[in-house]
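A.B. asks: using only what follows, build the 3D model:
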Amino acid sequence: MPEFDTSRVRRYYDRNTAAFVAHGQGGSEGAIHRAVWGPGTHDRSSAFHFVEERIADVIRGRSSDAAPAHVVDLGCGIGASLCYLAQRLPVRGTGITLSPTQAAIGRQRVADLGLDDRVTCLEGDYTDLPEGIAPADVAFAIESFIHAPDPARFFAEAGRLVRPGGALIICDDMRGDAGGAAAQRTLTRFVRGWHVNALLRPADLRSLAEDAGFRHESTERLTPYLELRRPRDRAIAVLTAPLALLPLHWARLDPLVGGTALQTCLANGWVEYDLTVFRRE
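C.D. replies: Numbers count the residues shown, from 1 in each chain. Below is the predicted model of the structure:
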């Protein structure tokens, strides 16, 4: 059984999304994922959209005579990534989120940007997709795969969704070399704080994808481009450190405790942040 079933993950995002948008550094962009200061980035806005630009490159790589791509965001948050892509490319977009709070915010965002003729945000489960979603030319999951209560089921549904020749892109945390008691304690705080079910090794991710009919195309290690141990992060670490010693559990502080633990894991190589592209056979 997964440690965090879909109802717990749903509550996690219903409870925390407003704070993520209001207080996260990507809130002005609608981004609740990390900034990646990779090649070609020149300011914070471009860092928050680095991964989306990688996805856009995959979309642009389709045949020039094909119809506009249908792009599906598996764990779409408030729809910001789909809106970013739809503002730059002639795509149709469908977003799936467990959280009714996120779906409502996403639909309003889509309407405010005048994209509701091409972009839709749905409440649903990416391991049991709603009926009626058109086949996807490109599907992606940015920092949402780790919540999957059943990773094999995630890939099975993606295999049903993505048309042959289409792409599945996963950008998320992967398990690194995490031996030793200190690493395990920190990983446990990360898993608990961020409601993680699927922290896989890259080889295991590829194996599950291949079993579902996907071929591994590329993996880009993004960890070196992350901002780790910023002054803000160090201050949060100091404030949350006592919580690890207490038997009590404050759900509202889960994201802070988990985020601090993740910073430590990334800095030590216990967790990797990868962008992986698969191609549907």
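A.B. asks: how far off centre is stretch 176-185?
C.D. replies: On the basis of C-alpha atoms, centre = their mean, to the nearest Å, stretch 176-185 sits 23 Å off its chain's mean C-alpha point.
A.B. asks: please enumerate the strands of the stretch 151-281 of the chain.
C.D. replies: For the stretch 151-281 of the chain, the strands defined by DSSP state E, counting those that start in this stretch cover 162-175, 214-221, 271-280.
A.B. asks: buried residues in the shortest one, which are they?
C.D. replies: For strand 214-221, the neighbour count (16 or more other C-beta atoms under 10 Å) marks Phe214, His216, Thr219 as buried. Yep, even glycine has a C-beta here, placed from its N, CA and C like the rest.
A.B. asks: from the contact counts, what lies against that strand?
C.D. replies: For strand 214-221, the packing partners by 3 or more C-beta pairs under 8 Å, 6 or more residues apart in numbering; DSSP states H and E come out as helix 151-161, strand 162-175, helix 202-211, strand 271-280.
A.B. asks: still on that earlier bit, please convert the strands of the stretch 151-281 of the chain to a markdown table, extending it with mean pLDDT and distance to Val191.
C.D. replies: Listed next are the strands of the stretch 151-281 of the chain as a markdown table, based on pLDDT from 0 to 100; distance: least, C-beta to C-beta, whole Å:
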| stretch | mean pLDDT | distance to Val191 |
| --- | --- | --- |
| strand 162-175 | 97 | 10 |
| strand 214-221 | 98 | 21 |
| strand 271-280 | 98 | 10 |
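A.B. asks: what would those strands look like in TSV with distance to Phe154?
C.D. replies: TSV is the format used below for those (distance: least, C-beta to C-beta, whole Å):
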stretch	distance to Phe154
strand 162-175	9
strand 214-221	11
strand 271-280	12
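A.B. asks: which one of these lies nearest to Leu89?
C.D. replies: strand 162-175 (14.1 Å; C-beta to C-beta).
A.B. asks: what sits against the residue nearest to Cys121 when sequence neighbours are not counted?
C.D. replies: Among residues not flanking Cys121 along the chain, Gly106 sits closest, at 3.4 Å (C-beta to C-beta, 6 or more residues apart in numbering). Applying C-beta atoms under 8 Å, 6 or more residues apart in numbering to Gly106 gives the contacts Cys76, Gly77, Ile78, Gly79, Gly95, Thr97, Cys121.
A.B. asks: which of those residues fall within strands?
C.D. replies: When DSSP state E is applied, the contacts of Gly106 are split such that Gly95, Thr97, Cys121 fall in strands.
A.B. asks: cool, thanks, signing off.
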